[in-house]
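Asks: Got a predicted structure plus its sequence, pasted below:
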Amino acid sequence: MSHLLTAAALLAAAVGTGYCLVSSREGTDLPGAAAMAVMLVGMVDVMALGCQLLTANAWAVVLLVLAVGVLLTCRGSSLGVARALHLAAMGALTPAMAGMPSLAATHAHVAGQVAGSPLWSPATAVCLALSCGLAYTGYAAYAGRTAASHCRTALRLELFTGTVSAAAMTAMAAMG
């Protein structure tokens, strides 16, 4: 079941990130699109490769710093705020994913990284992950309904893919 949820989370994130990159070709939100691409790399590293590039805690810090950066550069656009919240939710969910069996079958190696960490205990990571995943899902449902008509399609697609990804990761954290 965790492999199916991992695939769903990564596929949804890849579709959303791909749309971000394609829609920002005219340079309107290059920082936001780049941040989403980094998020996808982090998710693949933690969930599929077993933290080959960075530890889960390091990815969490990277994603949270990117969330702040996107929020500061988005100029209050609803799409920028949605991307910043998505990055923050993924930053909170990432440490909880490290204890899950990865697609690369490196569970014992990765679980040891989280268990001995002074920043995250497994219980703290799961509670924070559940809270952030549910909060992001609630925000996404609200924002998708109230978005201005000129950005509704782009916002809805990114909110939908972000929600699927966050919901899959939240379910994995709850099962963990």
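Replies: Looks like it came in fine.
Asks: does residue 173 really touch residue 132, like I thought?
Replies: No: the criterion here is Cβ atoms under 8 Å, and residue 173 misses it with residue 132 at 9.5 Å. The C-beta positions use only the backbone N, C-alpha and C, and glycine is treated the same way.
Asks: Which one of the two is surrounded by more residues?
Replies: residue 173 (25 against 22; other Cβ atoms under 10 Å).
Asks: what helices or strands is the helix or strand containing the more buried one leaning on?
Replies: For residue 173, the host element (DSSP states H and E) is helix 152-175. Contacts defined by 3 or more Cβ pairs under 8 Å, 6 or more residues apart in numbering; DSSP states H and E place helix 152-175 against helix 2-23, helix 78-97, helix 122-146.
Asks: Export that helix to PDB, keeping only CA atoms.
Replies: The C-alpha trace of helix 152-175 is given here as PDB (Å, rounded to 0.1, in the frame of the first residue of the first chain):
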ATOM      1  CA  ARG A 152      -8.800  29.500 -11.700                       C
ATOM      2  CA  THR A 153      -7.600  26.800 -14.100                       C
ATOM      3  CA  ALA A 154      -3.900  27.100 -13.200                       C
ATOM      4  CA  LEU A 155      -4.600  27.400  -9.500                       C
ATOM      5  CA  ARG A 156      -7.100  24.500  -9.500                       C
ATOM      6  CA  LEU A 157      -4.600  22.200 -11.300                       C
ATOM      7  CA  GLU A 158      -1.800  23.000  -8.900                       C
ATOM      8  CA  LEU A 159      -4.100  22.800  -5.900                       C
ATOM      9  CA  PHE A 160      -5.500  19.400  -7.100                       C
ATOM     10  CA  THR A 161      -2.100  17.900  -7.700                       C
ATOM     11  CA  GLY A 162      -0.700  19.300  -4.500                       C
ATOM     12  CA  THR A 163      -3.700  18.000  -2.600                       C
ATOM     13  CA  VAL A 164      -3.300  14.500  -4.100                       C
ATOM     14  CA  SER A 165       0.400  14.500  -3.200                       C
ATOM     15  CA  ALA A 166      -0.200  15.800   0.300                       C
ATOM     16  CA  ALA A 167      -3.100  13.500   1.000                       C
ATOM     17  CA  ALA A 168      -1.100  10.400  -0.100                       C
ATOM     18  CA  MET A 169       1.800  11.400   2.100                       C
ATOM     19  CA  THR A 170      -0.500  12.200   5.000                       C
ATOM     20  CA  ALA A 171      -2.100   8.700   4.600                       C
ATOM     21  CA  MET A 172       1.400   7.200   4.600                       C
ATOM     22  CA  ALA A 173       2.300   9.100   7.800                       C
ATOM     23  CA  ALA A 174      -0.900   8.000   9.400                       C
ATOM     24  CA  MET A 175      -0.200   4.300   8.500                       C
END
